[in-house]
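Student: Mind looking at a prediction? Sequence and model below.
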Protein chains: 2
Amino acid sequence: MSSEIVNSINNIALNNDEDFVDPWNVVSKSDTGVDYDKLIQRFGSSKIDQELLDRFEKITGKKVHHLLRRGVFFSHRDMHTILNLYESGKPFYLYTGRGPSSKSMHLGHLIPFTLCKWLQDVFNVPLVIQLTDDEKTLWKDIKLEEAHEMAYENAKDIIAVGFDPKKTFIFSNLDYIGPDFYRNMIRIQKCVTFNQVKGIFGFDDSTVIGKIAFPAAQATPALSTSFPHIFNGKKFPCLIPCAIDQDPYFRMTRDVCPRLGFQKPALLHSKFFPALQGAQTKMSASDPNSTIFCCDTPKQLKNKINKHAFSGGQVTVEEHRKIGGNCDVDISYQYLRFFLEDDDKLEQIRKDYTSGALLTGELKKILIDTITPIIVQHQERRAEVTDEVLKEYMMPRKLEFDYK
Amino acid sequence: MSSEIVNSINNIALNNDEDFVDPWNVVSKSDTGVDYDKLIQRFGSSKIDQELLDRFEKITGKKVHHLLRRGVFFSHRDMHTILNLYESGKPFYLYTGRGPSSKSMHLGHLIPFTLCKWLQDVFNVPLVIQLTDDEKTLWKDIKLEEAHEMAYENAKDIIAVGFDPKKTFIFSNLDYIGPDFYRNMIRIQKCVTFNQVKGIFGFDDSTVIGKIAFPAAQATPALSTSFPHIFNGKKFPCLIPCAIDQDPYFRMTRDVCPRLGFQKPALLHSKFFPALQGAQTKMSASDPNSTIFCCDTPKQLKNKINKHAFSGGQVTVEEHRKIGGNCDVDISYQYLRFFLEDDDKLEQIRKDYTSGALLTGELKKILIDTITPIIVQHQERRAEVTDEVLKEYMMPRKLEFDYK
């Protein structure tokens, strides 16, 4: 058993005062959310430090995305290996995914896709996006048909992020799993024992066998031979941008890959997008009050932020002017870190809110004014995603990619 | 948990003096082999009695196959339901399978297929044959490619049994598993817990997750919607002829089917084909000395029977003439029960060997003379199975079937 697997087992045996993070639950006892430095230690990943960011900029010639420079993507595995590949003109691909959970995605779901789009543009590489509708029907009390429909609805939101149709393949497991994919699933399932998935995912004897087998389905896209139409049966390394809660799947994948003659996938981990009520938990589609959906109207958006966004300000204006607000727990400020691209403007807001010069209502207005056009534009692009367009992205086909 | 599942769990907790039967091992402490009456009790199936055979003949208007009338197929589940269907002109289909284990099948492997062919002819129904090359690679230390190749070699032997190409679909899991099949697999995997497969198959925490998930792959062909090209998405009942050691899979299948809106599959169970060395264990392709392969030459066949077939005779001719032989443990006589169609001739042999009138060498010669033409004809038919013919049987396609 590799050290990565051992680390993941440690993750299960948490102290009561520690954050709980697995692919299905994120709970922190702290107002400021999960302690990500501790998570890096526990998961055995590496911190994205200034040196990596500098190297990124030097090699790609592009300023790094604000989600990277602000530490929203904060942890990685083998990102230097990917930069080495890019530097020497060697091919790789991107892989990310989504467990469809409601007919509309929410703001938090956009984060990994936003970085993925940027990475696709910067590296000029193909991207495969797995919709795990099989997972959804196994974990939730919903029919397979319902999960499958959600996958298609989510695919529309994903396409609206702006991926290049010539370089992007989106697939639902329930549609796509065929002989090539299944063979790699079996190869992976032959390498992983119940003991291991028990340790990694907390399964027990009452777990259904579909859940026990599923981690292999999420690991399989990291094997390029699962996509013969794209990679023509050849082996290419891959980079997986995802939220940190998905890391258990990819620790398992990284353990298995070398045994099957594949390179370990590299990873970029994002922090969670906090719920409106506060950073103790991540935004979840199953609680509409804690969540801003990509399909919310500007009015709904405004009302939700004004009514539910947890404030780091003081109770009265007088007190706020005197003491100032706490940006570390203020959800409006935290959201701006995800969506306001202008670093100087963000820093000014931080200073003004901390000093008390900026009131909570004013901060919320800035957030509303920042997110509204993003959401509106997203909805406009989504409206253009016809069934025809959807079909184009989801058709197994050759992708165009050009390595320098 | 249904009573069928509970029965199967009881199967694991055997007394030391009981036979051990699971899909991977058959061991009996008795010279006469497994106690099949006890097995019926333990598995909770029904004995194939004279009443069922009479009804079979009455409804089909055909004399029942000697494998049925001699009790080689000795146990069933819901066979009366299948006869009711046939009686009222309602459609059903046959499903059987093979776990490819060596490049040539052996005599014992032919038994379920021989009855399947007869059932296909009598009922005029479609037949699906699953080659579980995925299972083979999970259970054995062989590469997936090797298991896949064995599946194709075995398919040639199966085709040589004489199945109607217009009514028979043979598929390798590694080739065929695609969205329709996978969706039913997931539906099944959602209904079965680790606890259940632990009880049924004796899995433990060190079992790889591929094995844990696999029973669903063997259950899936019992859901007709797994074959849209044959059944056009409609639900049809099925009848599964198989060796009794496969029953655990289908007890699980029968437990799951009603929960997914499908009828429980009916079953016909055969006894094991004994090894040359004696009925304590079944013939196994992994021990060439205990096994007559379908590809053996007449000379090899003769040598193996003369050298290895366990004899129920006495040590000297004099003693044999005086005491007589024991047909219950004599492998040559047992094999004749499988392959000699003439009931009168078989009965005469039994009497003569029991009385001592027939010597062991003479009995072996009768067996050799009986099996040699069967094997030779099989080899001739197999030689006609070109890659073209193989492709025809294994192509997902519409099958012809005509219900009275």
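Tutor: Here it is on my side, so go on. Residues are numbered from 1 along each chain as shown, chains lettered A, B, ... in the order given.
Student: what residue of chain A is the furthest out?
Tutor: The centre of chain A is farthest from one residue, A:Glu318, which by CA atoms, centre = their mean lies 40.0 Å away.
Student: What separation is there between that residue and A:Ser355?
Tutor: In this view, A:Glu318 and A:Ser355 are 14 Å apart by CB to CB, to the nearest Å. No exception for glycine: its C-beta is placed from N, CA and C like everyone else's.
Student: thinking again about what came up before, so the residue farthest from the centre of chain A is in which element?
Tutor: helix A:317-323 (DSSP states H and E).
Student: which element follows that helix toward the C-terminus?
Tutor: The element immediately downstream of helix A:317-323 (helix or strand, assigned by DSSP H and E) is helix A:331-339.
Student: what does that next one contact?
Tutor: Helix A:331-339 is contacted from outside by A:67, A:70, A:72, A:107, A:111, A:273-279, A:305, A:309-312, A:325, A:327, A:346, A:349-350, A:353, A:360, A:363-364, A:366-367, A:370-371, A:374, using CB atoms under 8 Å, 6 or more residues apart in numbering or on different chains.
Student: what's the neighbour count on the residue lying closest to A:Leu107 once chain neighbours are set aside?
Tutor: Leaving aside its sequence neighbours, A:Leu107 sits nearest to A:Ile292 (CB to CB, 6 or more residues apart in numbering or on different chains; 4.8 Å). Residue neighbour count, defined by other CB atoms under 10 Å in any protein chain shown, stands at 23 for A:Ile292.
Student: try A:Ile244
Tutor: Neighbourhood size, A:Ile244 [other CB under 10 Å]: 23.
Student: what does A:His308 give?
Tutor: Neighbour count for A:His308, taken as other CB under 10 Å: 16.
Student: Just list the residues touching it, thanks.
Tutor: Applying CB under 8 Å, 6+ apart, the residues near A:His308 are A:Leu276, A:Gln277, A:Asn289, A:Ser290.
Student: Check those for burial and list the buried ones.
Tutor: Taking 16 or more other CB atoms under 10 Å in any protein chain shown as the criterion, what is buried in the contacts of A:His308 is A:Leu276, A:Gln277, A:Ser290.
Student: Nearest to chain B, out of these: which one, please.
Tutor: Of all the buried ones among the contacts of A:His308, chain B sits closest to A:Ser290, with 28.2 Å by CB to the nearest CB.
Student: Please look at that closest one and A:Leu276 and confirm they touch.
Tutor: Yes. Taking CB atoms under 8 Å as the definition, A:Ser290 is a contact partner of A:Leu276 at 5.0 Å.
Student: Mutual contacts of these two, please.
Tutor: Shared contacts of A:Ser290 and A:Leu276 (CB under 8 Å, 6+ apart): A:Met283, A:His308.
Student: Check the offset of stretch A:140-156 from the chain's centre.
Tutor: 19 Å (CA atoms, centre = their mean, to the nearest Å).
Student: what comes up buried for it?
Tutor: By 16+ other CB under 10 Å, the buried positions in stretch A:140-156 come out as A:142, A:144, A:146-156.
Student: swap in stretch A:155-170?
Tutor: Per 16+ other CB under 10 Å, stretch A:155-170 contains these buried residues: A:155-164, A:167-170.
Student: Among the residues you listed, name the ones in strands.
Tutor: A:Thr168, A:Phe169, A:Ile170 (DSSP state E).
Student: now the lengthiest helix in chain A against helix A:331-339, angle please.
Tutor: The residue-count maximum for a helix in chain A (DSSP state H) belongs to helix A:360-383. Interaxial angle of helix A:360-383 relative to helix A:331-339 (axes from the mean of the first three to the mean of the last three CA atoms, to 10 degrees): 40 degrees.
Student: How about the residue of the stretch 51-200 of chain A found nearest chain B: what's its closest non-neighbour residue?
Tutor: Nearest residue of the stretch 51-200 of chain A to chain B: A:Gln189, at 3.0 Å (CB to the nearest CB). Of all residues not flanking A:Gln189 in the chain, B:Gly210 sits nearest, at 3.0 Å (CB to CB, 6+ apart).
Student: and the one you found, helix, strand or coil?
Tutor: helix (DSSP: H, G, I helix; E, B strand; the rest coil).
Student: Surely A:Lys271 and A:Val34 touch.
Tutor: Yes. If you go by CB under 8 Å, A:Lys271 and A:Val34 touch, sitting 7.2 Å apart.
Student: Touching, A:Phe401 and A:Lys167? I think so.
Tutor: Yes. The pair A:Phe401 and A:Lys167 passes the contact test of CB under 8 Å, sitting 5.9 Å apart.
Student: hmm, back to that, would you list the contacts of A:His308 in TSV and tack on secondary structure?
Tutor: Converted to TSV, the contacts of A:His308 look like this (three-state DSSP):
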residue	secondary structure
A:Leu276	coil
A:Gln277	coil
A:Asn289	helix
A:Ser290	helix
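Student: pLDDT and distance to A:Arg98 for these - can I get that in a markdown table?
Tutor: Formatted as a markdown table, the contacts of A:His308 follow (pLDDT from 0 to 100; distance: CB to CB, whole Å):
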| residue | pLDDT | distance to A:Arg98 |
| --- | --- | --- |
| A:Leu276 | 93 | 21 |
| A:Gln277 | 90 | 23 |
| A:Asn289 | 77 | 22 |
| A:Ser290 | 81 | 19 |
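Student: for chain A, where's the lowest mean pLDDT among helices and strands?
Tutor: In chain A, no helix or strand scores lower on mean pLDDT, DSSP states H and E than helix A:3-12, which sits at a mean of 42.
Student: follow-up on the earlier one: which of the buried ones among the contacts of A:His308 lies closest to B:Val197?
Tutor: Taking CB to CB as the measure, B:Val197 sits nearest to A:Ser290 out of those, at 37.9 Å.
Student: who are the neighbours in contact with that closest one?
Tutor: Listed by CB under 8 Å, 6+ apart, the contact partners of A:Ser290 are A:Ala275, A:Leu276, A:Gln277, A:Thr281, A:Met283, A:Ser284, A:His308.
Student: Next one: it from A:Ala279, what distance?
Tutor: Distance, A:Ser290 to A:Ala279, by CB to CB: 11 Å.
Student: for A:Ala155, same thing?
Tutor: 29 Å.
Student: Equivalent analysis for A:Asn303, please.
Tutor: 21 Å.
Student: Show me which of these two is the more surrounded one.
Tutor: Neighbour totals were compared for A:Asn303 and A:Ala279, and A:Ala279 leads with 22 against 13 (other CB under 10 Å).
Student: Just to check, the residue of the stretch 51-200 of chain A closest to chain B is in contact with B:Leu138?
Tutor: Yes. Counting by CB under 8 Å, B:Leu138 is a contact partner of A:Gln189 at 7.1 Å.
Student: Which neighbours do the two have in common?
Tutor: Joint contacts of A:Gln189 and B:Leu138 (CB under 8 Å, 6+ apart) are B:Val208, B:Gly210.
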